[in-house]
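Asker: Quick one: sequence and predicted model below, then my questions.
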Amino acid sequence: MIDAVATDSSSTSGNDKQRRTRRTRMTGAERRQQLLEIGRTLFAAKGFEGTSVEEIAAKAGVSKPVVYEHFGGKEGLYAVVVDREMRRLLDMVTSSLTAGHPRELCEQAAFALLDYIEEYTDGFRILVRDSPIPQSTGSFASLISDIATQVEDILGREFKSRGFDPKLAPLYAQALVGMVALTGQWWLDVRRPKKAEVAAHLVNLAWHGLDGLEPKPRLIGHRKA
């Protein structure tokens, strides 16, 4: 009787373990998402070169072949992480531009980038690094260029209404978006002052700089070319 009870208990314990294993086993989509999140964290902290497939697999609790099965290797995982982050940032900026007044549009664009940096810090750290492999969505510089394109038309209309050459709108759009992006890289580490104050100062410089533009800017130094 005692042996029988012991056998039954062992069998029950084994069945419980099997049920727990089945409950925790991930679907292919869940495993892929887990690897993406682990990869993003490691790439942000260590960069592409400093991250290994072995470390990614260990963090996920799987073998190396599982990583290769889903992404073909570290390069494939990195490419998907970067593409997703670039699309996320571009979507956040473009969807934020809803105001009618140009100054408020500047505020919305500044907040969108700072929001992304605050909410998706790992993603931003990855984006601002030089990518060691080609990306289908381009580089961070090309992403900034894409964002600048979104505000070219706005600046062009503003320039035209003030008697400036609207053909120069792309140049100013690049300058304004680049200013926000570089300030964002600095703010990523210091986080001071607060986000709203950073946005206010960025727009202050951009707007009042635009407000006081000379129709034909001139150089006052000795160098003229």
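Answerer: Right, received. Where do you want to start?
Asker: pull the helix or strand with minimum mean pLDDT from this protein.
Answerer: helix 2-24 (a mean of 46; mean pLDDT, DSSP states H and E).
Asker: Next secondary structure after it?
Answerer: helix 28-46 (DSSP states H and E).
Asker: which helices and strands does that next one pack with?
Answerer: In terms of contacts (3 or more Cβ pairs under 8 Å, 6 or more residues apart in numbering; DSSP states H and E), helix 28-46 is packed against helix 53-60, helix 64-71, helix 74-96, helix 121-128. No exception for glycine: its C-beta is placed from N, CA and C like everyone else's.
Asker: what residues does the third one touch?
Answerer: This means helix 74-96. Helix 74-96 is contacted from outside by 35-36, 39-40, 43, 48, 51-53, 56, 67, 70-71, 108-109, 111-113, 115-116, 120, 123-124, 126-127, 131, 133, 135-138, 140, 143, 146-147, 150, using Cβ atoms under 8 Å, 6 or more residues apart in numbering.
Asker: Over to the last one?
Answerer: Outside of helix 121-128, the residues within contact range by Cβ under 8 Å, 6+ apart are 40-41, 43-45, 81-82, 84-86, 88-89, 116-117, 140, 143, 184-185, 188.
Asker: mind redoing it with 6 Å?
Answerer: 40-41, 43-44, 85, 117, 140, 185 (Cβ atoms under 6 Å, 6 or more residues apart in numbering).
Asker: What residues sit buried inside the helix or strand that it is followed by?
Answerer: Scanning forward in sequence from helix 121-128 by DSSP H and E, the next helix or strand is helix 140-161. Judged by neighbour count using 16 or more other Cβ atoms under 10 Å, the buried positions of helix 140-161 are 140, 143-148, 150-152, 154-156, 158-159.
Asker: What of stretch 96-113?
Answerer: Residues of stretch 96-113 classed as buried by neighbour count (16+ other Cβ under 10 Å): 96-97, 102-103, 105-113.
Asker: From these, which one has the minimum pLDDT?
Answerer: Minimum pLDDT for these is recorded at residue 102 (80).
Asker: That one: what's it in contact with?
Answerer: Residues near residue 102 by Cβ under 6 Å, 6+ apart: 154, 158.
Asker: Now stretch 170-180: average pLDDT?
Answerer: 89.
Asker: mind checking how far that stretch is from the chain centre?
Answerer: Computed by Cα atoms, centre = their mean, to the nearest Å, the chain-centroid distance of stretch 170-180 equals 19 Å.
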